[in-house]
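In: heads up, no residue letters with this:
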């Protein structure tokens, strides 16, 4: 147990991220199912109150984005990146551990709000955040949100931001500076490339939301008027700052999944990724353009014709590199020897679902048509096709692909197929009708709807779909859990993959590679036109390999952060000093600790 | 492996410091002298950009270091500038440019 | 005497770009700080001229005083760069001296900020008085917090040097401290121009 608390091993940290994120994914899913249950019938539904409903969709969104999707991707960044680049660990192992602990503590802080009501003298048990995952001002100001709910949100997100930023710096340096000899940039696996691009988005976008959250915090705690009209503030500024973060954030959410798909398709087509260089450059272009489109979330706020046109234009532009990738994936499949493993099914499912989500996205790009779609269920359809049909299917693909490497055990392919088909049917039942209910005028974030609206049957179908997704996910969870009782006997390369992680045992020894390989091609383990497959690595290391020990300081330093958050939310000054002291002492002990890589 | 070929000397650092002080004095002067009011904004922006560049290039050694560091800094710097400029445009359109406020 | 090794220090492993990982991480960090301060400066500029009540900038900002603060911070950057040069060539006596001077000049700056803020509050400009107060204090306060962290960092290094634990072999630590310190100076250059001089 102690070794898990002090671990700095990227593989263990990756597993910690996975289990924690998967747990939050289930919680977020539960929130979704309650939402869908409530919406199964109109005129009051099952009796969930509006206040509770607001908490449910806020926490569903916040949990899924920050506590499930990003950390599930992080699980793969952690476990796979050093393996894919031929390194023994990341550039800053203790900082890596710190990121995990801060994520865990931030997620717990956010969710403890569900039972913290009594501590604040609230009428209800739950004071969970309830102003949407995007926290629009001035709904989030004290005047309209007097309780601690929004405080949990803005403090929790600040904590989580620190985790993401730290990881961002860590992976940028790791990918650039820790590659094995011969691992040139354009030989990197596509997942590693997409991760690199994603981290640049993280380190540039998160500071912006940090500022937005800090300004909101000052409004709520110290009575400033950054977003309060009565004091001269402009609530629109919140939207600009939030979406300047928020749009790059959606690319942060999708690029890693795209990277996974770009690994899985070649392996199960027995063909190299079609147009590798173009796929990489498209990712870079998407990241750049992703910074130029943020106000397409604000077409209904009266930006004016010039701004509307500019942002509509940039948004349409970004469809191009995305489309390019899709063609490259299809090109990869074309003429390949396809094996329909569960991983491959999810990757192909990703392509199909993401295309649908992309198409609704293109319809949003036109400001006039978006004026009908915005704030309706049409957008909910779009979001879920790209984030569930895209990111989550991509992540599932990665889980089936890399589970053997991470645990040494194979997931059941039959359960995998059940999982896949139930998910595909479930998600399309759940989200496709939303295009229609949205266009018929059903707004987002409403706890019930009138039977006169004519969207009842669409909602019923959606709810059935949601529960099917829930069932499918349980099947998957069972698949994961039952591997615990299997022997650790997965081969090094069960799928015949081409990248370095498949050259070592499953799971890898603590030092990863007995000998750091010298890389000569983009697909080291495959026979290509110009290169024979890499020779197998020795079974044992030629000399003892030094592996750094663990450290308590990442965990201890991390603990200071939720203490500061609790101090703020409970207005307890002494706790502030305690939190600061813990962080400072933690940093000093960390800095002076002898830790040799 | 050395990352840089040339290196600034103590003399260079002192000279840069002197230039920085002089530019600051000029900036303050521009602020106070009424004749410069019309060109105050562009002039001050240019002067402070020069100071910024001198500190980054010489004190932070970016001129002599591996060009990658310049990319790591320059990219987000440009992005930050774009954020400021685009937000100003959105909130004030072309008004600020025309009236110079 | 060489100007110190800029390759990864003794005992460090080979890196694929031949660059020091900590230095690379730190430049990436400085890049992200550009977005942090960029957002704060944007907020200041957007709300300029929108305060519903006074005091207004032209009534309260003290250019001569702030020019002195600017001069102080510029000199502290000079001191920092001299400290680094000294440590790199192994002259720890000079190294200690210049590190201390840098920290002291930083403290002078902080003292000046403290005095300026108290004076403004006295003149009626508080954090919540108007948008100018809010944006001004949050922007310059964030910068001041960064300076404070820098001073603590510098003094920590100075103490390390006093204990004989700082030298050319770990000059990279001083270099990175310098990067942080100069960046904080450079942000002030922008703030001085945008907040104080361009009213």
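Out: Okay, I see it. It should be emphasised that the depicted structure is a prediction, and the values quoted were computed from it without experimental measurement. Numbers count the residues shown, from 1 in each chain, chains lettered A, B, ... in the order given.

In: So which elements touch the longest helix anywhere in chain B?
Out: Longest helix in chain B, counting residues (DSSP state H): helix B:67-92. Helix B:67-92 sits against helix A:190-222, helix A:235-269, helix C:21-47, with contacts defined as 3 or more C-beta pairs under 8 Å, 6 or more residues apart in numbering or on different chains; DSSP states H and E. (C-beta placed from N, C-alpha, C; glycine too.)

In: Kindly provide the distance from the residue nearest to residue A:524 when sequence neighbours are not counted to residue C:191.
Out: Leaving aside its chain neighbours, residue A:524 sits nearest to residue A:534 (4.3 Å; criterion: C-beta to C-beta, 6 or more residues apart in numbering or on different chains). According to C-beta to C-beta, to the nearest Å, residue A:534 stands 54 Å off from residue C:191.

In: Neighbour count: those two, which is higher?
Out: A side-by-side neighbour count of residue A:534 and residue C:191, using other C-beta atoms under 10 Å in any protein chain shown, places residue C:191 first with 23 against 18.

In: List, one by one, the residues from chain C near chain A.
Out: Proximity of chain C to chain A (C-beta under 8 Å from any C-beta of the partner chain) is limited to residues C:11-13, C:15-17, C:19, C:21, C:24-25, C:28-29, C:31-33, C:35-36, C:39-40, C:43, C:46-47, C:50-52, C:127-128, C:130-131, C:134-135, C:138, C:156.

In: So in chain B, where's the weakest helix or strand by average pLDDT?
Out: Every helix and strand of chain B was ranked by mean pLDDT, DSSP states H and E. The lowest is helix B:95-99, at a mean of 48.

In: swap in chain C?
Out: Lowest mean among helices/strands of chain C [mean pLDDT, DSSP H and E]: helix C:57-60, a mean of 94.

In: per-residue confidence for the residue nearest the centre of chain B?
Out: Among the residues of chain B, residue B:49 comes closest to the average C-alpha position under C-alpha atoms, centre = their mean, at 1.8 Å. Residue B:49 is assigned a pLDDT of 96 by the prediction.

In: how much space is there between it and residue C:191?
Out: In terms of C-beta to C-beta, residue B:49 sits 14 Å off from residue C:191.

In: which sections of the chain are below the confidence cut-off?
Out: You didn't pick a chain, so chain A it is. Low-confidence segments of chain A (pLDDT under 70): A:597.

In: that's the wrong chain, I wanted chain B
Out: For chain B, the ranges with pLDDT under 70 are B:1-6, B:94-101.

In: Quick check: residues of it near chain A?
Out: So chain B meets chain A at B:68, B:75-76, B:79, B:82-83, B:87, B:90-91, B:93 (C-beta under 8 Å from any C-beta).

In: rerun at 10 Å
Out: Residues of chain B lying close to chain A by C-beta under 10 Å from any C-beta of the partner chain are B:68, B:72, B:75-76, B:79-80, B:82-83, B:86-87, B:89-91, B:93-94.

In: Out of those residues, which end up buried?
Out: When the residues of chain B next to chain A are checked for burial by 16 or more other C-beta atoms under 10 Å in any protein chain shown, the buried set is B:68, B:72, B:75-76, B:79-80, B:83, B:86-87, B:89-91.
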